[in-house]
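Student: need a 3D model of the sequence below.
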Amino acid sequence: MSKIVFLDVDGTITTYEGQIPESAKRAIRAARANGHRVYMCTGRSKAENKPELTDIGFDGMIGGNGSYVEDHDRVVMHQLITLEQCKHIVDWLHERGLEFYLESNNGLFASENFREASRPAMIQYRLGKGATEEDAVKSAGTFADHMIYGANLYRDDLNKVSFILSSYQDHLDSIEEFPDLKPGTWGGKGEHALFGDLGVKDITKAHAIDVLLEYLGADRADTIAVGDAKVDIPMFECCATSVCMGSGGDEAKAAADWVTADVDDDGLEKAFKHLGLID
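Tutor: From the prediction side, this is the model:
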């Protein structure tokens, strides 16, 4: 019986430094060759996917933590932050002196001082994911290098917005300020909050999976979810079978049916073999 597999990207397909183990590529390609469908199910927007990732081959993508659904290059659903909501977010972040980037399928659009402001947060992110201090410092700047600077920040094509937290209070205040949006946080190992984010209200990976299953006319009993973080828990609860990476957070591990090895210890391939997707 063919399965429908939903894979988180960062920490599941890729290491936290953005590398893709050869075993992960091999597992995804073998599973699809065996007749299973494989979808990315990620917080990323489409513009963040590099050729090394897309060239593996997928049946589609759920992006923006559920705001975007694509099947074989056909857009099934795309719910966006409105222009007025974007203006409110950008003005509020500017007023608080918080640097941010706007996440769109058309690119990642950064605030004026994001490049320098993001370095300390990204060093902490890398350290929290197991990098050495030398590697963390070396790789911290690459994150900001992929941003577009100097563009109009009032946009109508946004999936979500991420901003650097000066303290956790920024996130708490965002909950009060934006009741019409979905506030969250993300960061290092153990779900440490380094960034806040704002997305479309009532959108989750689970909702997007429901939309895709209806579109496909598929059975939920055939679904498998693999992830590593708290944001993946709705995906775990939505699917018939769930697996957390060994390098994942404690809450995600507790919510999953099974825990595989770390992402850089062939964890995805081991999960696929355990589930019978590949030999």
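
Student: just the endpoints, please. Distance across stretch 35-49?
Tutor: End-to-end distance for stretch 35-49: 24 Å, by Cα to Cα, to the nearest Å.

Student: okay, buried residues for that stretch please.
Tutor: By neighbour count on 16 or more other Cβ atoms under 10 Å, the buried set for stretch 35-49 is 36-49. In short, each C-beta sits where N, CA and C put it, glycine included.

Student: can you pull up the most central residue in this structure?
Tutor: In the chain, the centroid-proximal residue (Cα atoms, centre = their mean) is residue 43; its distance is 2.4 Å.

Student: which among the buried residues of stretch 35-49 gets closest to residue 229?
Tutor: residue 43 (8.7 Å; Cβ to Cβ).

Student: so the closest one versus residue 179, what's the distance?
Tutor: Going from residue 43 to residue 179 by Cβ to Cβ, to the nearest Å gives 21 Å.

Student: ok, then the element right after the lowest-mean-pLDDT helix or strand in the chain?
Tutor: Among the helices and strands of the chain, helix 133-145 carries the lowest confidence by mean pLDDT, DSSP states H and E, at a mean of 83. Later in the chain than helix 133-145, the nearest helix or strand by DSSP states H and E is strand 158-164.

Student: could you give me the buried positions within that following strand?
Tutor: Quick answer for strand 158-164 (16+ other Cβ under 10 Å): 158, 159, 160, 161, 162, 163, 164.

Student: need the residues you listed in TSV (columns: distance to residue 103 and pLDDT).
Tutor: TSV is the format used below for the buried residues of strand 158-164 (distance: Cβ to Cβ, whole Å; pLDDT from 0 to 100):
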residue	distance to residue 103	pLDDT
158	6	97
159	5	96
160	5	96
161	7	97
162	7	97
163	11	98
164	14	97
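
Student: who's in contact with residue 266?
Tutor: 21, 23, 24 (Cβ atoms under 8 Å, 6 or more residues apart in numbering).

Student: can you pick out the ones from those residues that are in helices?
Tutor: Among the contacts of residue 266, the residues falling in helices (DSSP state H) are 23, 24.

Student: how far away is the closest residue to the residue nearest to the centre of the chain other than its chain neighbours from residue 104?
Tutor: Using Cβ to Cβ, 6 or more residues apart in numbering and skipping residues adjacent in sequence, the residue nearest residue 43 is residue 65, 4.6 Å away. Distance, residue 65 to residue 104, by Cβ to Cβ: 14 Å.
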